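1. 3D, please:
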Amino acid sequence: MQQSKDTNSFDVKIDYSLNPNNSLTVRYSYQEPKITVPPVFGIYGGPGNGAFAGTGTSRAQAPGISYTHIFSPSLISEARFGVSRIFNNVNQTDYGTTTARDLGIGGANIDNWSSGMSSISIAGFDSPLVGYSASEPWRRSQTTFEFTNTWTKTLGNHTFKWGTDLNRARKDLLQFQTFDPRGKLVYAAGQTSTVGAANSSSNAFASFLLDVPNQIGRDLYVQFPTVRQSYFFFFGQDKWQISRKLTVDLGLRFEDWLAATSHYDGQFVNYDPSNNTLLVGSVGNIPKNLGINGSTHFAPRAGLAYRINEKTVVRSGFGVSYLFRDTSQYNFPSNQVSELNAPNAYQPAGSIVTGFPAPILLAIPSNGIITNAPTSLTYGVTPKDLVHGAVQGWNLAVQRELPFSFTLDAAYVGNHGVNNPVVLQLNRGQILGGGAAGQLLNQAFGRKASTTSYIGVSTNYHSLQTKLNRRFSNGFLLTTSYTYSKSIDYCSDRFCTPFNQFYFKQNRARSDFDRTHAYVQSFLYELPFGKGKNWVNSGIGAWLAGGWQINGIFTAQTGGPLDLQYSNSSLNTPFVNNRPNVNGNVKVFGVVKSGATWFDTGAFSAPPSSTFGNTGRNILTGPGLKNFDFSLFRKFTITERMALELRGESTNLSNTPHFNNPGNTFGSSTFGLVTGAMNDSRNLQLGAKMTF
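-> Model (predicted):
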């Protein structure tokens, strides 16, 4: 079996003019790619492709209807209703089989969802060594209903727009990632160690051969997780043509975000860290949305354009945009696992023969409040007054028309994030070197496991953006852009977890995606030969030399930030990470070759026990990138309406290696060494395109 991808798609659109003042459009789009990835070890799975092996189908459908009515030449209304639905269904290769049970793994394959081969992980080997990714199988669907109604009124030198945008989202995702729906057996070295012997010989593979796992676990299917959410937007805008030179745009948007609910009762579960209880939504007096407040906002917009003269324009704008707000919260017992752990480092958690314990699902009390919540499980906390993140953006730009069809743009672009949510670890150690005794929830309830919530932080982005473009003329187009920028945040992914949970403000530094300099040069050139061109425009020479087009994109940018880290074992503060000490300025060699380090690793040292290192976040910069993509096209005119285009395309034409960042963990053997590159070596492809 080979990896394959097959896609079926089509689009249908019907425009119908009822009369000069009324028109109707109906559309429908459909796409369904099907991807099959074979496993390394046949039906038994294996570690290849991240242990993802099987067949996945993703069906996307988008029907819609729009209606436009012209009341008068100065008043128009447009109404649209559309549905967007995506259904993604993935099964591992052996889905529906009893592979694990047939091999003698006890308690395996109890239903269709847990069918197939269990995962076996052995320390020092790929994980899993056999079996499939814990994410498989999964069922994902997302359906969004949207209705918009926009009105446009022209009155003198004003153009008014107002309307509404109403949305209803339905999200369903059945997927587990803690252990494995089919179960997981983990083998470590400890079970073959000699009790009390220092540096005793031990081997994780020997633990597997002797069948003495140190952990056994399985994700349990309780109920199909669902999210239902509505959000309503209303807006008004005025484009005011004050004079021939000056245009001003003013707008205001009102947003109403309702808290999410679940389709089924008892799915949303919130943890209350003040009394160690779990609150189960829509059971007893617990609201279906867990009592989380909705969020309403006014978002202003402003912009202006001023024409200094016929060749120079100044533009500026400001606006506030609110980020998508997800208030869904899943915890035990909505999510449940069965888990067996070894009682100590030398004894097994069980065996393959005894396998997985039978599921025992927790009964939910009639009042929806689970007291004395299990202390060994991880919980998430959604505050009832969860802040809604926003981005304030602004720009000031000057555009100048130059000779020979060129234009020059220079702009200052910036934004400021307000209350952008990041993860806060509530059960972090509060005393450096204090171990579990410094955890507040351990002091109160004997709870040592992760307990997370959200906190709002600020971000900043400032940039100088320049463009020198030549619009398409005489077969030639040129675009040139250069950006000088800096981005600052606490961590760089959506709902990410800042590294330093003890001194939170020390996370504020360059963003992980920050690139100080970025230059992009692209061009398109139709060679000036052939019929209708300046040279060789007739005869056999025109046929041979005509119809050629070359295209290219050159990119050069500085490297990304390099975040240096150090083991937190000597810190002895749960859920608190550490960095090394840095001694003076760090010299960056910038050399990639065998045995050479990217920077002076001798400038770093281990901090004393129970103390933080003084290295900041993202203080160094990794390797930059230079890349050139090139293509060559040849067009053949067959008839007046039919043409053939042959295409030769190359990405990374020069086959320049694009190196990954060097090792960033102080004390590791790869610290400071560049040991890998992006998987984007030169790629050549040929194609043909027929137009008619």
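
2. give me every residue that touches Val222.
-> Applying C-beta atoms under 8 Å, 6 or more residues apart in numbering, we find Val222 in contact with 333-336, 361. Just so you know, the C-beta spots here come from the backbone N, C-alpha and C atoms, and that holds for glycine as well.

3. which one of those residues is nearest Ser17?
-> Closest approach to Ser17 among the contacts of Val222 (C-beta to C-beta): Ser334, at 51.9 Å.

4. contacting residues around that closest one?
-> Taking C-beta under 8 Å, 6+ apart, we find Ser334 in contact with 222-223, 225, 266-269, 280.

5. most neighbours among those residues, which one?
-> In terms of neighbour count, Phe268 stands highest of the contacts of Ser334 at 30 neighbours, by other C-beta atoms under 10 Å.

6. list the contacts for that one?
-> For Phe268, the contact set (C-beta under 8 Å, 6+ apart) comprises 260-262, 280-282, 288-290, 328-330, 334.

7. can you name the element that comes right after the longest strand belonging to the chain?
-> Identified as the longest strand of the chain according to DSSP state E is strand 451-473. Later in the chain than strand 451-473, the nearest helix or strand by DSSP states H and E is strand 476-489.

8. list the beta-bridge partners for Tyr67.
-> With DSSP bridges as the criterion, Tyr67 is bridged to Leu24, Ala79.

9. tell me how far it lies from His416.
-> Per C-beta to C-beta, to the nearest Å, Tyr67 is found 40 Å from His416.

10. contacts for the lowest-mean-pLDDT helix or strand in the chain?
-> Least confident helix or strand of the chain, by mean pLDDT, DSSP states H and E, is helix 539-545 with a mean of 75. By C-beta under 8 Å, 6+ apart, the residues outside helix 539-545 that reach it are 527, 529-531, 536.

11. likewise stretch 121-131?
-> In contact with stretch 121-131 (C-beta under 8 Å, 6+ apart) are residues 41, 44-47, 51, 117-120, 180, 182, 184-189, 204-205, 207-208.

12. likewise for stretch 52-65?
-> Under the criterion C-beta under 8 Å, 6+ apart, residues 24-40, 45-46, 80-93, 95, 132-133, 135-137 lie in contact with stretch 52-65.

13. circling back: buried sites along the least confident helix or strand of the chain?
-> 542, 545 (16 or more other C-beta atoms under 10 Å).

14. next helix or strand past that helix?
-> Next element after helix 539-545 (DSSP H and E): strand 548-557.

15. tell me which strands that following strand pairs with, and in which orientation.
-> Counting by DSSP bridges, strand 548-557 is paired with strand 517-526 (antiparallel), strand 625-637 (antiparallel).

16. out of those, nearest to Phe324?
-> Checking the strands paired with strand 548-557 against Phe324 by C-beta to C-beta gives strand 517-526 as the closest, at 26.8 Å.

17. tell me the phi and psi of Asp102?
-> Phi and psi for Asp102, reported as degrees, to the nearest 10, are phi -60, psi -30.

18. ok, now how distant is it from Asn109?
-> Applying C-beta to C-beta, the value for Asp102 to Asn109 is 8 Å.

19. the two: who's more crowded?
-> Each of Asp102 and Asn109 has its neighbours counted (other C-beta under 10 Å); Asn109 has more, 22 against 11.

20. find the nearest non-adjacent residue to Pro333, please.
-> Computed as C-beta to C-beta, 6 or more residues apart in numbering, the closest residue to Pro333 that is not its neighbour in sequence is Leu362, at 4.3 Å.

21. contacts only, for that neighbour.
-> 332-333, 336, 370.

22. may I ask which of these comes out lowest in pLDDT?
-> Within the set of these, pLDDT is lowest for Gln336 (84).

23. which strand residues bridge it?
-> Note on Gln336: beta-bridge partners by DSSP bridges are Leu220.

24. and Tyr519, by the same measure?
-> Residues in a beta bridge with Tyr519, per DSSP bridges, are Tyr482, Ala556.

25. just to check, it is in contact with Ser481?
-> Yes: using C-beta atoms under 8 Å, Tyr519 makes contact with Ser481 at a distance of 7.3 Å.

26. which among the contacts of stretch 52-65 count as buried?
-> Looks like the contacts of stretch 52-65 have 25, 35-39, 45-46, 80, 84, 87-88, 90-93, 95, 132-133, 135-137 buried, using 16+ other C-beta under 10 Å.

27. restricted to helices, list the residues you listed.
-> Using DSSP state H, no member of the buried ones among the contacts of stretch 52-65 falls in helices.

28. and the residues you listed, which of them are in strands?
-> Reading strands off these with DSSP E, I get 25, 35-37, 80, 84, 87-88, 90-92.

29. closest one to Gly380 out of the residues you listed, please.
-> Asn88 (23.9 Å).

30. list the beta-bridge partners for that closest one.
-> Per DSSP bridges, the residues bridged to Asn88 are Ser58, Arg140.
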